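In: Got a predicted model here, sequence first, then my questions.
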Number of protein chains: 2
Amino acid sequence: MLNSETIQAQGLGRLPKSTFRAHIAEQLRAAILSGEIAPGAQIVETALAGLFQVSRGPLREALRQLVEEGLLITVPYTGTHVITLSVDDVREIHSMRVTLECMAFEQAWDKRDAAFRAELQRRHAALIATIDEGDDRAAILAELELHGLVYEASGHRLLQRTWSSLRGRLQLYWAAHHRAHAIRGPRRDGHESYVAAALGDSLEAMRAEITSHMQRGGQQTEKFLQDHRQDTRSMTGMKRGKTT
Amino acid sequence: MLNSETIQAQGLGRLPKSTFRAHIAEQLRAAILSGEIAPGAQIVETALAGLFQVSRGPLREALRQLVEEGLLITVPYTGTHVITLSVDDVREIHSMRVTLECMAFEQAWDKRDAAFRAELQRRHAALIATIDEGDDRAAILAELELHGLVYEASGHRLLQRTWSSLRGRLQLYWAAHHRAHAIRGPRRDGHESYVAAALGDSLEAMRAEITSHMQRGGQQTEKFLQDHRQDTRSMTGMKRGKTT
DNA sequence: TGCGCCCACATTGTTGACAATCGACAATGA
DNA sequence: TCATTGTCGATTGTCAACAATGTGGGCGCA
């Protein structure tokens, strides 16, 4: 006999309640965050609707969602564009990261059990592996996974939600930065000390590690700017680079 | 000569670029945050579309926006409801407030000029005035204004954005809590020490003040729960309380 | 040549109708 | 009596057509 429980037990019953707007939002977000659709590119509703084979209705709702996530900007009757992060935006992302991740560790500090430690090292190993393979895109995702663990461990849903939003911008920046200027992705160094501190006994040391870890990322940005001396308003932007 | 900048400087140029979804989202948000539409109430698209005299298209886009803001929850093909905050949600709101406001003061600490001090005292006075008048709803807004100043002063747009999101939930909680249980709004005490610390010289003292300030709010919640001993899953929810 | 006006085009905003799905209730049969 | 199934109303999802608006190019004119 097949009742709902036995079906669940067989791992079935997970048809993902398809609505077009959810699928579209998901795919569009992925395309934007990976850099497939470049920052500054214009989003034309009719074109995308044709691409996804849907009408403009569901598409527009997906766009509203991404606008609210901060990935798109819409000017009424004019157009929708992928955001371009300014240098100040990137600085703000870094400072916000420090604050959020410190909070996450505070919340999660006493909840670090064996499973947490194992998972932390597993993700660290995964990051190292992708770095060694030279797959920059995968390495970016792996690093986000590594840092995401503490948010999951915190059990703080609002904090996780906030991190998700920030993670989007961070991912966008990393992808655009890397893509536009062919800078190497995450490196091996820097993560060992992070993991060690996360497994250690001193929350204060962890805070210091986070601060220096993020500052390293910030300094990399500053150094890059000094080397290139371009407009400080839009470092990842480009005009009309829409990909089909 | 009047160019766009001088117009902006005059505070004009704010013709509301009328798109229905913006108006609808604004009004709906206000209705939800004020408690006019109770937590848990179902949002029926056709009804609201009739109420606003628009078709369902723009209305749905406004709903998507509020869903993304975390004020509404939509289950496909089933319905859209105003969120109900659980006790854990409220705890998370409070802890997030502490973190964000500490960060805001860190960012704004060295930017506190005469204008900041004057504005802080002005908003404090406004809060006191509304409290003395007994207008609870105005007092809630005044308290949010007071606390919002430091976020404005921080100049950190991402932080402001995060605060806006949190402020929505906080406002929803305050309004629903107050409305459902006829609890007094903000009180005079507690804000003097906050303002004093914000004008003082010790950032560390400010952090302590914020922590205790928020903990007071949290303790009020806990005490209320002990007194009422109701379901801990939904403290502000009610069934089918849609207002027309 | 430079400027301003006007118009056509591209794009977004809005609408009403139609289709798909869900939840609840009644009907059916063991 | 109980479980299962069919049906119905309510609600949301989707679509294609129409209207409103901003943008850029061409034209006339000084």
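Out: That came through, no problem.

In: Tell me which stretches of chain A form helices.
Out: A:4-9, A:20-34, A:45-52, A:56-69, A:87-108, A:114-133, A:136-154, A:157-181, A:191-199, A:203-228 (DSSP state H).

In: For the shortest one, what does the pLDDT average out to?
Out: To tie it back to what came earlier, the one meant is helix A:4-9. Here helix A:4-9 scores 49 as its mean pLDDT.

In: And for the fifth one?
Out: What helix A:87-108 shows for mean pLDDT is 95.

In: Excluding sequence neighbours, find me the nearest residue to whatever residue of chain A ends up closest to chain B.
Out: Per CB to the nearest CB, A:Glu68 is where chain A lies closest to chain B, at 3.6 Å. To be clear about C-beta, it is placed using only N, CA and C from the backbone, and glycine gets the same treatment. Closest residue to A:Glu68 apart from its sequence neighbours, by CB to CB, 6 or more residues apart in numbering or on different chains: B:Glu68 at 3.6 Å.

In: rewinding a little: so how many other residues sit close to the residue of chain A closest to chain B?
Out: For A:Glu68, the neighbour count with other CB atoms under 10 Å in any protein chain shown is 19.

In: My guess is it contacts B:Gln65. True?
Out: Yes: here A:Glu68 lies in contact with B:Gln65, judged by CB atoms under 8 Å, at a distance of 5.5 Å.

In: coming back round to it: dump the residue contacts of the residue nearest to A:Glu68.
Out: The contact partners of B:Glu68, taken as CB atoms under 8 Å, 6 or more residues apart in numbering or on different chains, are A:Arg64, A:Gln65, A:Glu68, A:Glu69.

In: Now with 10 Å, please.
Out: Contacts for B:Glu68 (CB atoms under 10 Å, 6 or more residues apart in numbering or on different chains) come out as A:Ala25, A:Arg64, A:Gln65, A:Leu66, A:Val67, A:Glu68, A:Glu69, A:Gly70, A:Ser165, B:Ser165.

In: ok, the residues you listed vs DNA strand C, which is closest?
Out: Distance to DNA strand C across those (CB to the nearest atom of the strand) is lowest for A:Arg64, with 8.7 Å.

In: What is the burial count for the closest one?
Out: Neighbours around A:Arg64, by other CB under 10 Å: 25.

In: Report pLDDT for it.
Out: 97.

In: if I read this right, it contacts B:Ala62, doesn't it?
Out: Yes: in terms of CB atoms under 10 Å, A:Arg64 counts as a neighbour of B:Ala62; the distance is 8.5 Å.

In: Need the residues touching each of these two.
Out: What both A:Arg64 and B:Ala62 touch, as defined by CB under 10 Å, 6+ apart, is the set B:Arg21, B:Ala25.

In: what domains does the record give for chain A?
Out: Domain assignment for chain A, taken from automatic domain parsing, gives A:14-82, A:87-228.

In: mean pLDDT lowest for which of those?
Out: domain A:87-228 (a mean of 89).

In: Which neighbours do A:Glu68 and B:Gln65 have in common?
Out: By CB under 10 Å, 6+ apart, the residues touching both A:Glu68 and B:Gln65 are B:Ala25.

In: Could you pull out the buried residues of stretch A:80-89?
Out: A:Thr80, A:His81, A:Val82, A:Ile83, A:Thr84, A:Leu85, A:Ser86, A:Val87, A:Asp89 (16 or more other CB atoms under 10 Å in any protein chain shown).

In: Close to DNA strand C: what parts of chain A are there?
Out: A:17, A:42-46, A:56-57, A:60, A:74, A:76-80 (CB under 7 Å from any atom of the strand).

In: top of the residues you listed by neighbour count?
Out: A:Arg60 (23 neighbours).

In: I'd say that residue and B:Thr19 touch.
Out: No: A:Arg60 is beyond contact range of B:Thr19, at 11.7 Å (criterion: CB under 10 Å).

In: Now do the shared contacts for the two.
Out: A:Thr74, B:Pro58, B:Glu61.

In: give the contact list for the closest residue to the second one other than its chain neighbours.
Out: Closest residue to B:Pro58 in three dimensions, ignoring its sequence neighbours and counting by CB to CB, 6+ apart: B:Phe20, at 3.8 Å. With contacts defined as CB under 10 Å, 6+ apart, the neighbours of B:Phe20 are B:Phe52, B:Gln53, B:Val54, B:Ser55, B:Gly57, B:Pro58, B:Leu59, B:Glu61, B:Ala62.

In: what's the distance between B:Phe20 and DNA strand D?
Out: 11 Å (CB to the nearest atom of the strand, to the nearest Å).

In: cool, and A:Glu152?
Out: Taken as CB to the nearest atom of the strand, the span from A:Glu152 to DNA strand D is 28 Å.

In: tally of neighbours for that residue?
Out: Count around A:Glu152 with other CB under 10 Å applied: 15.
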